[in-house]
Each structure stands twice: as structure tokens, then as C-alpha cells.
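Q: Using only what follows, build the 3D model:
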Amino acid sequence: MGYLGVVGETVAEKTIERSHFLAYCSRTAGEEEAKAFLSSVRARHPLATHVCYGYVADALGNIQRFSDDGEPQGTAGLPILGAVKAQKLYETAIAVVRYFGGIKLGAGGLVRAYTSVAAESAAAAEKRLYEECEKIGIAVGYGEVGACLRALEARGANILEREFHEGARFTVAVRTREAEGFISDLLGMLSGRVKIERGEKSVFPFPL
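A: Reported below is the predicted structural model:
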């Protein structure tokens, strides 16, 4: 049935006892993307005292990593990873940047600080349901464009591309498990006045 993930990047920040925390939450499909994301955060904050992180880099939850980056063990990375898991997110990473303000927070204070700012970034992120989809090409004459669009809207199809030449062509993403029924309904709604081409399968971020 798919898995929950984020799209884009979200930032949350707060200042606690003069230490400034910035949490970046981003989609990272695979460990290489997660590492690239962390490198980009570090590059944006070369003077930060710590850049701690936690991520779930795959769709099954098998690739989980975290780092305290010099903070006392267990006070940063694990709480950040906990924020990802609390939202039931996959292929998602959170990096928390800390600029030390001169006042020590103690182990409990650090856990609360990293947990709260990471949770805020995860909660604010735009969520999508990632499911296997099939790309389907739909070609119709101009006389059927209106009926075709109404049919696509009725079925909740996600239109990826629109082309208009001799006729109209739409490329849509349909959940693989719904593809057969979608094609059957489309043929019926357009009385067969449509050409359908089935394409590749991939993972698509469907709106919740």
C-alpha cells in the first residue's frame, strides 16, 4: 500500500539558552542521497558547532543511521531519528545544526532540544504517500478533450504531461493496483474514442 514520505525540504529553528538550532527535514531516497543532503547542510553551516542527524533512507526501514557529531552520546542523533520514526516517515532525513551559545544544556536539556526542533521540522514537512504507479499515455481527438479531462478528474488521475499537436495526448500516473480498472473505465466513459499506451512503472508521490 506504499509508504509515507516528505517532498522538498522544510526548516525549523529555535533558540534555547542562547544556543541556536536549525533542523532541516528532506526527502532522501537511498543512502547516497542522505549523505549528499548532509554534506549540503554542512556546507551551508561551516561554522556550526555540531551538525547532528538521523535518517531512514529506504522504503522498508532497514537503513537507519544517526550521529551525535560530538554531542554527549545519545543526546542528539537518536532523538532526531526518533522524530523521523514518530511521524512514520521513510526515505527521510533530518539534520539539526547547533550554534553553541555558551550555556551548557545538560544531557536532558540536549535531548529535549534536539527532539523538539527535529519534531517541528518533520511535522511541518509536506507529506505524500509513495506508491508504485504506472505511466499511461492517453491520446484523443480535440473533440474528446473535455470528456477526457472530466474522466481523468473523476478517477483522480495525476496528469504528468499535456501535449497538443494533431490531437491531444496526456500522460498520467495511476496506482499500479488500479491501472486495469482505470483503463476499463476510461474506455467506457469515452466510448472507445481513445488510444491508450501503457508505460513504465515507478514510485510516485500521491497526495494524501
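Q: Count the neighbours of Cys93 for me.
A: If you look again at residue 93, you'll see it is Ala, not Cys. When neighbours are defined as other Cβ atoms under 10 Å, Ala93 has 29 of them. Backbone N, C-alpha and C define where each C-beta goes, glycine included.
Q: repeat for Ile138
A: Using other Cβ under 10 Å, Ile138 is surrounded by 22 other residues.
Q: For the helix or strand containing Ala113, what does the pLDDT average out to?
A: Element membership for Ala113, per DSSP states H and E: helix 106-124. For helix 106-124, mean pLDDT is 97.
Q: name the helices or strands packed onto the next helix or strand after it?
A: Counting by DSSP H and E, the next helix or strand C-terminal to helix 106-124 is strand 126-140. Contacts defined by 3 or more Cβ pairs under 8 Å, 6 or more residues apart in numbering; DSSP states H and E place strand 126-140 against strand 3-7, helix 145-154, strand 168-175, helix 179-189, strand 195-206.
Q: Turn those into TSV, columns for mean pLDDT.
A: TSV is the format used below for the helices and strands packed on strand 126-140 (pLDDT from 0 to 100):
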stretch	mean pLDDT
strand 3-7	96
helix 145-154	88
strand 168-175	92
helix 179-189	90
strand 195-206	90
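Q: what would the ones you listed look like in TSV with mean neighbour count and distance to Thr115?
A: As requested, the helices and strands packed on strand 126-140 are exported to TSV (neighbours: other Cβ atoms under 10 Å; distance: least, Cβ to Cβ, whole Å):
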stretch	mean neighbour count	distance to Thr115
strand 3-7	20	18
helix 145-154	15	42
strand 168-175	20	35
helix 179-189	15	42
strand 195-206	14	27
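Q: okay if I get these as TSV plus distance to Tyr114?
A: Below are the helices and strands packed on strand 126-140 laid out as TSV (distance: least, Cβ to Cβ, whole Å):
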stretch	distance to Tyr114
strand 3-7	19
helix 145-154	44
strand 168-175	37
helix 179-189	43
strand 195-206	28
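Q: To Phe66, which of the ones you listed lies closest?
A: Each of the helices and strands packed on strand 126-140 has some distance to Phe66 by Cβ to Cβ; the shortest is strand 3-7, at 17.5 Å.
Q: and that closest one, how far from the chain's centre?
A: A distance of 4 Å separates the C-alpha centroid of strand 3-7 from that of its chain, computed with Cα atoms, centre = their mean, to the nearest Å.
Q: ditto for stretch 43-52
A: Its chain's C-alpha centre and that of stretch 43-52 lie 24 Å apart, by Cα atoms, centre = their mean.
Q: List the buried residues of it.
A: 45, 48, 50-52 (16 or more other Cβ atoms under 10 Å).
Q: As CSV, could you dump the C-alpha coordinates of it?
A: Presented in CSV, the C-alpha positions along stretch 43-52 are these (Å, rounded to 0.1, in the frame of the first residue of the first chain):
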residue,chain,number,x,y,z
ALA,A,43,28.4,23.2,3.5
ARG,A,44,25.7,25.8,4.4
HIS,A,45,26.9,26.0,8.0
PRO,A,46,30.7,25.7,8.1
LEU,A,47,31.0,27.5,11.4
ALA,A,48,28.3,25.4,13.2
THR,A,49,29.4,23.7,16.5
HIS,A,50,27.5,20.5,15.7
VAL,A,51,25.6,19.0,12.7
CYS,A,52,23.7,16.0,14.1
